[in-house]
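> model this:
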Amino acid sequence: MALDSDNKKPTNPLAVLCGLAIGSMPAMLQMPVIGKILLWLLGNFYFLIFYLFMVYLPWMMGSLFGRVMGLPILIPTIFCIFYWGTLGCLVGNPKYSKKAWFYIMIAHVFVPMVFLLNAIRFSENESFSISSLFNVIQVFSQMLGQ
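Residues are numbered from 1 along each chain as shown. I've put the predicted structure just below:
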């Protein structure tokens, strides 16, 4: 007699490791050697976009909890690791993979894009252009010390 758990596909460990790596990027910024490498990578425009869009949402949610608990940096960092670790587990699980990818697409592309477009709207530029989007991203880059 076979159990239901015998014929289910196992979780893909690569997806879990990728989720943990993305979630631990804010913590890696504080490490001496890896932090320097990560800051160097953040000088690349495309990696900076990836970093902002992937870490923005969990960092924002974790900072709400961190302010309440009185640990404004530690709690968002732990929340990012937990958040992306959980998403990695869901993406690696064949049963929830499509739903998790849909959530990642909606939450991590469209939500930060709304905030970026609002930042452009309330800046000195009255009309939207790609150059104004790049200007906002350059401000984020300068905030990181690049």
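
> Now do the buried residues in the lengthiest helix in the chain.
The longest helix of the chain (DSSP state H) is helix 45-69. Within helix 45-69, the residues that count as buried by 16 or more other Cβ atoms under 10 Å are 48, 50-59, 62-63, 66. In short, each C-beta sits where N, CA and C put it, glycine included.

> tell me the angle the helix or strand just after it makes with helix 45-69.
Going down the chain from helix 45-69, the next helix or strand is helix 74-92, by DSSP states H and E. Following axes from the mean of the first three to the mean of the last three Cα atoms, to 10 degrees, one obtains 120 degrees for the angle between helix 74-92 and helix 45-69.

> Give me the helices and strands touching helix 74-92, please.
helix 13-23, helix 25-28, helix 45-69, helix 97-105 (3 or more Cβ pairs under 8 Å, 6 or more residues apart in numbering; DSSP states H and E).

> hmm, who's touching that helix?
Contact with helix 74-92 is made by 11-20, 22-27, 54-55, 58-59, 61-63, 65-66, 69, 96-97, 99-101, 103-104, as judged by Cβ atoms under 8 Å, 6 or more residues apart in numbering.

> Send me it as PDB with only the CA atoms.
What follows is helix 74-92, C-alpha atoms only, in PDB (Å, rounded to 0.1, in the frame of the first residue of the first chain):
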ATOM      1  CA  LEU A  74      17.800  43.300  12.500                       C
ATOM      2  CA  ILE A  75      14.100  42.400  12.100                       C
ATOM      3  CA  PRO A  76      13.800  43.500   8.500                       C
ATOM      4  CA  THR A  77      17.000  41.500   7.600                       C
ATOM      5  CA  ILE A  78      15.700  38.400   9.300                       C
ATOM      6  CA  PHE A  79      12.300  39.000   7.700                       C
ATOM      7  CA  CYS A  80      13.900  39.200   4.200                       C
ATOM      8  CA  ILE A  81      15.700  35.900   4.800                       C
ATOM      9  CA  PHE A  82      12.500  34.200   6.100                       C
ATOM     10  CA  TYR A  83      10.300  35.700   3.300                       C
ATOM     11  CA  TRP A  84      12.600  34.600   0.400                       C
ATOM     12  CA  GLY A  85      13.300  31.300   2.000                       C
ATOM     13  CA  THR A  86       9.600  30.600   2.200                       C
ATOM     14  CA  LEU A  87       9.100  31.800  -1.400                       C
ATOM     15  CA  GLY A  88      12.000  29.500  -2.500                       C
ATOM     16  CA  CYS A  89      10.300  26.600  -0.800                       C
ATOM     17  CA  LEU A  90       7.100  27.400  -2.600                       C
ATOM     18  CA  VAL A  91       8.800  27.800  -6.000                       C
ATOM     19  CA  GLY A  92      10.700  24.500  -5.500                       C
END
